[in-house]
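Peer 1: Sequence isn't available, so here's the structure alone:
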């Protein structure tokens, strides 16, 4: 029997009805039985500053504990100005501090960028991967996931369009294999 791995999913868009959130929920529904995806909210995290290492806000503790408890991490993000949204960058910083106590290190991960534009958030995807290298997240290399024309992923009823399903399924199945391989399951 294969183990089930807990995956912390961080969505870069803070908008409640964002397409990125919809994609994250669709991935959770399509996930193989070896993965349990759960969203970890980042919108309430105050901007990181070193003073908080001594007087830690409750939201930091909750966030850090939630990511620390996960076996793996998955990032689903839009692109803002050729990079990741500020809230997601802040979450990376909050999770990496205080120095020497990062919640990210050694976890397998993956990035999916989702954008209404034609190049699918390529800049955000690669910028995030650059940070993940430093944070010691073993990022899945293939399949790369730059999802463009995001407005076509879901029908008017809010359901995943059938044309979108194979791509998302291929990605989440590959991620399941990646996590199992990295964690030697």
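Peer 2: Looks like it came in fine. Keep in mind the model is a prediction, meaning the values are calculated, not measured. Residues are numbered from 1 along each chain as shown.
Peer 1: Spatially central residue in the chain, please.
Peer 2: residue 75 (1.4 Å; Cα atoms, centre = their mean).
Peer 1: ok, it - contacts?
Peer 2: 9, 10, 12, 88, 109, 110, 111, 112, 128 (Cβ atoms under 8 Å, 6 or more residues apart in numbering). From N, CA and C alone the C-beta is placed, and that goes for glycine too.
Peer 1: Quick check: nearest residue in space to it, chain neighbours excluded?
Peer 2: The spatial neighbour of residue 75 that comes closest, neighbours along the chain excluded (Cβ to Cβ, 6 or more residues apart in numbering), is residue 111 at 4.8 Å.
Peer 1: before we move on, what about residue 68?
Peer 2: The shortest distance from residue 68 to any residue other than its chain neighbours is 4.4 Å, reached at residue 103 (Cβ to Cβ, 6+ apart).
Peer 1: neighbours around the nearest residue to residue 50 once chain neighbours are set aside, how many?
Peer 2: Among residues not flanking residue 50 along the chain, residue 97 sits closest, at 7.7 Å (Cβ to Cβ, 6+ apart). The tally of other residues near residue 97 (other Cβ atoms under 10 Å) stands at 19.
Peer 1: Just the pLDDT for residue 97.
Peer 2: On the pLDDT scale, residue 97 is placed at 95.
Peer 1: I'd like the distance between it and residue 163.
Peer 2: In this view, residue 97 and residue 163 are 42 Å apart by Cβ to Cβ, to the nearest Å.
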